[in-house]
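Enquirer: Need the 3D shape of this:
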Amino acid sequence: MKRALLVPVCISVFAWLPLFAQADDAPLGFFSASVGAQRDAEEVFLATPAGAKARRWLFQLTEEPHVAGTPQEKKVAEYVRDKLTELGLEAEMVGYEVFLNHPKHVSLQLVEPVEEPLALMEDAVEFDKDSTAHGMFPGFHGYGASGKARGQVVYVNYATPDDFEKLDKLGISAEGRIVLARYGKVFRGLKVREAQNAGAIGVILFSDPADDGYMKGDVYPDGPMRPPSAIQRGSVQYLSLQPGDPSTPGYPSRDGAPRLGRAEMKTVPSIPSLPIAYREAEKILRRLGGPRVPDAWQGGLPFAYHVGPGGAAVAMEVEMDEGLKPIWNVFGRIRGSEEPERLVILGNHRDAWNHGAVDPNSGTAAWLETARGLAKAVKAGWTPKRTVLLASWDAEEYGLVGSVEWGEDRAEDLGAHAVAYVNLDSAVTGDEFGAGGSPSLRDLVRQVAAAVPDPVHGGSVGEAWEKRLRGEWASEAPIDLSEPDAAFELHLPPLGSGSDYTVFLDHLGIPCVNFGFSGSYGVYHSMYDNFRWMDEHGDPKFIYHAAAARFYGLMAMRLSSADVVPMRFGSYAAALRDNLRDLERLSIRKVRGADPEAADEDVADPDAEPAPLKADFAPLYQALKSFEAAGLDLDQAVDDLIDRGEGGKAAATNAALLAVERAFLSADGLPGRPWFRHLLYAPGTTTGYAPWPFPELAEAVENKDAELFERGMGRLLAVLEAATGKLEEAAAAAR
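Expert: Presented below is the predicted three-dimensional model:
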């Protein structure tokens with residue numbers, strides 16, 4: 001059933017002019033003399049993105065499955081390049097040879113108590129032309145290992161470290177067995193890693209209906225959620241250890257670069273793994289013996305789950321065609337007039353495990369509409385001060401490969417000149433706007449979101465976003481709202497990993513934003529992530545694709561055209577304090593032996609041994625006070641500079657502003673994963689996707705490691721002191 005629309009699809013430019021003017025009384029970073037021309041250019045841009053045009057882009061982009069390293073994916077790259085050229089932009093393709101795999105032969109069979117093949121391809125839907133096997137790979141894992149395994153099955157819930165610890169407490173071992181686990185909680189590659197470390201000989205992953213199937217809504221084709229035969233493909237690289245081409249760890253995959261062989265790679269599994277649908281997983285789970293699972297492990301299939309072993313055994317065969325394969329990044333460029341060497345980068349990946357209508361080509365369609373709008377503004381006379389670089393990445397799905405190799409290749413130049421990176425992956429699965437990113441860009445994100453009209457609900461997408469976040473905060477707020485720390489303040493959620501911002505923030509120290517519109521979406525990485533799903537369930541009139549383009553383009557126009565780069569640092573420390581309070585609460589639960597999932601209860605486990613870690617966060621809170629004072633002073637100095645309109649000081653101030661985020665980098669990187677150099681933010685070692693603010697301290701708390709905590713605290717205090725100095729230098733430049 002199509003979702004009812006509350007407003008007409010066509011929105012006149014005049015519909016948003018009052019909203020635009022109200023939201024932009026004082027656009028960040030612009031001298032008063034610059035505001036008029038900027039408003040005129042933005043008006044041209046805002047009038048351009050159209051749902052009908054985005055729909056046509058998406059239809060063309062998703063005509064065939066286009067997995068990285070295939071001829072079909074190169075065709076899509078050439079299509080994107082040619083469209084940028086037609087728009088009048090400078091366009092180029094940049095290729096790399098990288099290590100990838102495609103399935104040559106995969107099979108999975110139940111061998112006990114009966115012999116029965118288990119499907120590794122979805123069912124076709126009669127009226128959905130893209131739901132056939134034509135051009136599709138069967139279920140497989142990117143960077144999955146070749147191999148054969150045969151053995152008893154053990155079910156391990158989400159295959160997190162805590163799940164394996166619980167399995168051990170149940171007296172059951174995964175050693176020599178095949179682990180069955182459901183998707184969710186953590187990145188899939190870390191599930192395989194945990195199983196491999198536990199001695200498993202193979203891994204089977206499935207999407208449980210409790211997580212994204214019929215327990216969450218109607219399933220495709222009648223609704224947006226995962227049907228019984230849908231398979232979640234994906235990479236099993238150890239993403240939180242290091243992304244990118246595993247054959248060139250930490251350096252770009254240029255011609256002649258030294259290469260690791262598969263056996264030498266540290267970030268890919270050595271045991272085979274396969275994804276299956278919950279319909280096939282049911283055939284295993286129904287037969288498993290052993291004890292009934294802990295309550296938290298029960299999924300949505302209509303019977304009691306058991307842990308095993310006994311009752312069910314499987315045989316799996318995985319043979320991969322792996323080696324160096326070509327990938328193609330595509331770039332469009334709008335050169336800046338005053339600081340052309342400085343880059344504002346808008347990135348979206350293009351490769352998919354299938355047709356990829358949501359992931360990622362809803363983003364690609366919005367990205368192309370952004371390019372079309374910017375090109376029209378250029379034709380109307382707009383010229384940015386800094387260069388806008390539109391980047392279409394390849395091989396993101398394997399492990400952010402295209403963006404990482406380019407970032408490593410251009411590390412020196414990007415470290416010196418990149419202003420910010422704005423990422424759009426899956427742009428639209430619904431109507432709820434959301435954004436995360438570097439705290440220095442929070443005010444800009446809020447201002448831009450307030451200037452983008454919500455095409456269905458009225459007002460702006462920013463207004464709806466802030467209202468939703470305020471409601472979520474109020475539902476979790478302390479009872480006494482008169483407490484000093486009880487007032488709501490919007491912060492951008494920190495970024496972990498799982499998309500192309502990772503190399504820019506975590507490796508190069510470039511401020512980043514990631515955004516999109518979310519809703520009910522259960523066909524992730526399956527054959528049903530196709531044009532019909534989007535046309536029927538995700539964004540039937542493609543109006544949120546157009547809204548995404550408006551937000552994207554306005555971010556680019558403000559970052560590239562402001563006289564003073566629109567970053568603010570007064571609230572940076574407040575965001576870090578919120579993150580630190582969360583970590584402190586977690587450490588209390590860990591030290592007292594409580595279950596960290598127990599939220600506010602903090603009930604100690606009477607049988608737990610005293611933890612060796614006594615975490616003292618006071619020095620960090622003190623350092624944040626100094627950082628906050630310097631940030632507020634810098635914001636005031638920049639505001640004064642803007643009021644004066646003193647253009648002669650802008651270039652030096654901008655250079656000093658861009659140095660702040662770089663100050664959080666460590667040349668040595670994080671312990672055990674030196675590629676991750678940002679000491680404030682990184683993906684969790686045991687999460688992959690989800691962030692760990694203060695990652696060294698978070699790891700110390702996770703492992704109750706007092707030595708790591710002390711060392712990490714010292715390193716954090718040092719970079720905060722350095723960043724505070726950079727804030728002071730920037731304030732001096734502005735004065």
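Enquirer: wait, doesn't L665 sit right on L680?
Expert: No: if you go by CB atoms under 8 Å, L665 and L680 don't touch, sitting 9.7 Å apart. Glycine gets a C-beta too; all of them are placed from N, C-alpha and C.
Enquirer: So these two - more neighbours on which side?
Expert: L680 (27 against 20; other CB atoms under 10 Å).
Enquirer: Quick check: closest non-adjacent residue to the more buried one.
Expert: Leaving aside its chain neighbours, L680 sits nearest to F664 (5.0 Å; criterion: CB to CB, 6 or more residues apart in numbering).
Enquirer: The one you found and Y238, how far apart?
Expert: Plainly put, F664 is 24 Å away from Y238 if you go by CB to CB, to the nearest Å.
Enquirer: Give me the more crowded residue out of those two.
Expert: For F664 versus Y238, the count of surrounding residues by other CB under 10 Å is larger for Y238: 24 against 20.
Enquirer: wait, what's in contact with that one?
Expert: Residues in contact with Y238 (CB atoms under 8 Å, 6 or more residues apart in numbering) are G189, L190, R193, K266, T267, V268, G688.
Enquirer: Of these, grab the buried ones for PyMOL.
Expert: Listed next is the PyMOL selection for buried residues among the contacts of Y238, using 16 or more other CB atoms under 10 Å:
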select buried, resi 189+190+193+267+268+688
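Enquirer: Just name the closest of the contacts of Y238 to G462, please.
Expert: G688 (29.6 Å; CB to CB).
Enquirer: give the contact list for the closest residue to that closest one other than its chain neighbours.
Expert: Spatial nearest neighbour of G688, chain neighbours left out: F187 (2.4 Å); criterion: CB to CB, 6+ apart. Residues near F187 by CB under 8 Å, 6+ apart: L239, S240, S497, G498, T687, G688, Y689.
Enquirer: Could you pull up the contacting residues of the third one?
Expert: Listed by CB under 8 Å, 6+ apart, the contact partners of S497 are F187, L239, S240, P243, L400, D506, A682, P683, G688, Y689, P691.
Enquirer: That one and Y681, how far apart?
Expert: For S497, the distance to Y681 (CB to CB) stands at 10 Å.
Enquirer: what touches both of these two?
Expert: With CB under 8 Å, 6+ apart, S497 and Y681 have common neighbours D506, P691.
Enquirer: And for the closest residue to L400 other than its chain neighbours, the neighbour number?
Expert: Nearest residue to L400, sequence neighbours excluded (CB to CB, 6+ apart): P243, at 4.2 Å. Neighbours of P243 under the rule other CB under 10 Å: 31.
Enquirer: S560 too?
Expert: 27.
Enquirer: helix/strand/coil for it?
Expert: Of the three states, S560 takes helix under DSSP: H, G, I helix; E, B strand; the rest coil.
Enquirer: In contact with A427, which residues?
Expert: Counted by CB under 8 Å, 6+ apart, A427 has contacts N348, S362, G363, A365, A366, W367, G516, F517, Y544, H545, A548.
Enquirer: Tell me the one of the residues you listed nearest R644?
Expert: Distances from R644 to the contacts of A427, taken by CB to CB, are shortest for A548, at 36.2 Å.
Enquirer: State the helix or strand in which D633 lies.
Expert: helix 618-644 (DSSP states H and E).
Enquirer: Show me what the helix or strand following that helix is packed against.
Expert: Using DSSP H and E, the helix or strand that follows helix 618-644 in sequence is helix 650-662. Applying 3 or more CB pairs under 8 Å, 6 or more residues apart in numbering; DSSP states H and E, we find helix 650-662 packed against strand 339-349, helix 618-644, helix 706-734.
Enquirer: just the helices in the stretch 451-600 of the chain please.
Expert: Remark: helices assigned in the stretch 451-600 of the chain by DSSP state H, counting those that start in this stretch are 461-476, 502, 531-533, 543-561, 572-591.
Enquirer: do you know which of these lies nearest D643?
Expert: Comparing these by CB to CB, helix 543-561 comes nearest, at 18.3 Å.
Enquirer: Contacts only, for V67.
Expert: E73, H102, F137, D351, A352, W353, E397.
Enquirer: show me what contacts P246?
Expert: Listed by CB under 8 Å, 6+ apart, the contact partners of P246 are F99, Y143, Q237, L260, M265, K266, T267, V268, G399.
Enquirer: Who are the contact partners of the closest residue to the third one other than its chain neighbours?
Expert: The shortest distance from Q237 to any residue other than its chain neighbours is 4.0 Å, reached at G399 (CB to CB, 6+ apart). Contacts were defined as CB under 8 Å, 6+ apart; by that measure G399 touches G142, Y143, S235, Q237, L239, P243, G244, D245, P246, T267.
Enquirer: Equivalent analysis for P113, please.
Expert: R287, G311, A312.
Enquirer: I'd like to know how far the last one sits from G299.
Expert: Read that as A312. 16 Å.
Enquirer: can you check the second one too?
Expert: Spatial separation of G311 from G299 under the definition CB to CB is 17 Å.
Enquirer: neighbour-wise, which of the two wins?
Expert: Neighbour count, other CB under 10 Å: between G311 and G299, G299 has more, with 23 against 17.
Enquirer: Could you count how many residues lie near the closest residue to G184 other than its chain neighbours?
Expert: Excluding the flanking residues, the one nearest G184 by CB to CB, 6+ apart is D211, at 4.9 Å. D211: 20 surrounding residues under other CB under 10 Å.
Enquirer: What helix or strand is D211 located in?
Expert: Counting by DSSP H and E, D211 is found in helix 209-212.
Enquirer: Could you list the alpha-carbon positions for that helix in PDB?
Expert: Extracted as PDB, the C-alpha positions of helix 209-212 are listed here (Å, rounded to 0.1, in the frame of the first residue of the first chain):
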ATOM      1  CA  PRO A 209      12.100 -11.500  12.000                       C
ATOM      2  CA  ALA A 210      12.200 -10.000  15.400                       C
ATOM      3  CA  ASP A 211      14.800  -7.500  14.200                       C
ATOM      4  CA  ASP A 212      13.600  -6.500  10.700                       C
END
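Enquirer: That helix - what's its average pLDDT?
Expert: The average pLDDT for helix 209-212 rounds to 98.
Enquirer: now the next helix or strand after that helix: how far from the chain's centre is it?
Expert: Next along the chain after helix 209-212, taking DSSP H and E as the criterion, comes strand 234-235. Computed by CA atoms, centre = their mean, to the nearest Å, the chain-centroid distance of strand 234-235 equals 14 Å.
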